[in-house]
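*Asks:* Okay, sequence plus prediction incoming.
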Amino acid sequence: MTVRERVRWWAPTRTAWWVATLFMVGSFCFAIASVPPYAGAVGVQGTGVTFFLGSIFFTLAAGLQVLLATGAVPSVGYHPRAAVRWRALRSSPDHAEWWAGVVQFAGTLLFNLSTFLALEQSLTAVQENRRVWSPDVFGSIAFLVASALVFADVRRPWVSWRPRDLGWTIAVLNLAGSVAFGVAAAASYVVTSTDALRDAQRANVGTFIGAVCFLVGALLLIPDQAGNDAAAGAG
């Protein structure tokens with residue numbers, strides 16, 4: 001039986017499945033909220049709430065990923081209502097993947113802060129730049145650092161085209177998504193003289209592209225995990 005045949009797209013007993021699903025939901029929220037017709041339909045407040053909810057799903061996914069890396073939750077047999085095992089936790093600061101998870105989790109918390117404060121409609125341009133734009137930028141930097149750590153850890157050579165290598169593809173998608181988020185964050189700076197975004201169109205496009213990259217990357221985590229499990233079983 002091939003790895004492709006072993007993929008189970010519905011696998012709620014696997015922790016990696018929950019990580020992937022939560023990332024997909026968060027990415028979908030960011031993608032849909034960055035589309036102008038959606039914003040026109042639900043209004044500014046509705047769009048802001050969608051972004052905030054998306055950031056919460058990002059945080060849940062990243063937090064669960066950290067718990068998985070430290071052994072607080074099992075890789076198989078996990079249920080979101082199950083108790084977290086805090087004994088015999090392992091720390092792996094020498095592993096790039098561990099650092100990537102921690103840094104990304106910190107980035108999601110910054111996105112929580114940014115999207116929550118963005119719900120306040122009466123902020124001045126200076127306040128919005130300090131309370132909303134700043135944590136957004138630092139969160140985007142954290143995502144970029146985390147994605148770069150994962151990309152640096154994939155099988156060499158880095159500069160090559162190998163879409164059938166799921167690990168490489170996911171790393172590239174996440175890196176591209178992080179770059180797009182960074183571009184969107186830079187374009188979201190509020191010009192104090194006009195009270196308008198530096199480049200609203202670039203901010204929306206960057207957010208949409210980044211969210212789609214993360215959504216596809218999260219989707220590919222499911223067959224990638226199946227491949228890892230198959231390899232582990234064969235070993």
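*Replies:* Structure received. Residues are numbered from 1 along each chain as shown.
*Asks:* Does residue 178 touch residue 149 like I think?
*Replies:* No. Look at residue 178 against residue 149 with Cβ atoms under 8 Å: they stay out of range, at 10.8 Å. The C-beta positions use only the backbone N, C-alpha and C, and glycine is treated the same way.
*Asks:* Neighbour count for those two, which is higher?
*Replies:* The neighbour comparison of residue 178 against residue 149 (other Cβ atoms under 10 Å) goes to residue 178, with 26 against 20.
*Asks:* quick one: secondary structure of the more buried one?
*Replies:* For residue 178, the assignment made with DSSP: H, G, I helix; E, B strand; the rest coil gives helix.
*Asks:* cool, residue 11 as well?
*Replies:* coil.
*Asks:* how about it, phi and psi?
*Replies:* Residue 11 adopts backbone torsions of phi -140, psi 70, taken as degrees, to the nearest 10.
*Asks:* That one and residue 18, how far apart?
*Replies:* Residue 11 sits 9 Å away from residue 18, going by Cβ to Cβ, to the nearest Å.
*Asks:* Specify which residue of those two has the higher count of neighbours.
*Replies:* residue 18 (21 against 17).
*Asks:* Go ahead and name everything in contact with the host helix or strand of the more buried one.
*Replies:* Using DSSP states H and E, residue 18 maps to helix 15-33. Residues outside helix 15-33 that contact it (Cβ atoms under 8 Å, 6 or more residues apart in numbering): 11-12, 38-39, 47, 50-51, 53-58, 60-61, 64-65, 67-68, 73-76, 78, 80, 207-208, 210-212, 214-215, 217-219, 221-222, 225.
*Asks:* Let's see that with 7 Å instead.
*Replies:* Applying Cβ atoms under 7 Å, 6 or more residues apart in numbering, the external contacts of helix 15-33 come out as 11-12, 38, 47, 50-51, 53-55, 57-58, 60-61, 64-65, 68, 73-75, 78, 80, 207-208, 211-212, 214-215, 218-219, 221-222, 225.
*Asks:* Same check on stretch 170-185?
*Replies:* Identification of contacts with stretch 170-185 by Cβ under 7 Å, 6+ apart yields 136-137, 140, 143-144, 147-148, 150-151, 154, 202-203, 206-207, 209-210, 213-214, 216-217, 220-221, 224.
*Asks:* chain center to whatever helix or strand comes next after the helix holding residue 18: distance?
*Replies:* Next helix or strand after helix 15-33 toward the C-terminus (DSSP H and E): helix 36-70. With Cα atoms, centre = their mean, to the nearest Å as the basis, helix 36-70 stands 10 Å off its chain's centre.
*Asks:* Quick check: buried residues in helix 36-70?
*Replies:* Using 16 or more other Cβ atoms under 10 Å as the test for burial, helix 36-70 gives 39, 47-70.
*Asks:* quick one: the helices in this structure?
*Replies:* For the chain, the helices defined by DSSP state H occupy 3-6, 15-33, 36-70, 96-117, 125-128, 134-152, 166-187, 200-234.
*Asks:* Make TSV from those helices and add distance to residue 159 and mean pLDDT to it.
*Replies:* Putting those into TSV (distance: least, Cβ to Cβ, whole Å; pLDDT from 0 to 100) gives the following:
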stretch	distance to residue 159	mean pLDDT
helix 3-6	25	48
helix 15-33	26	96
helix 36-70	27	94
helix 96-117	18	93
helix 125-128	39	95
helix 134-152	11	95
helix 166-187	11	94
helix 200-234	19	81
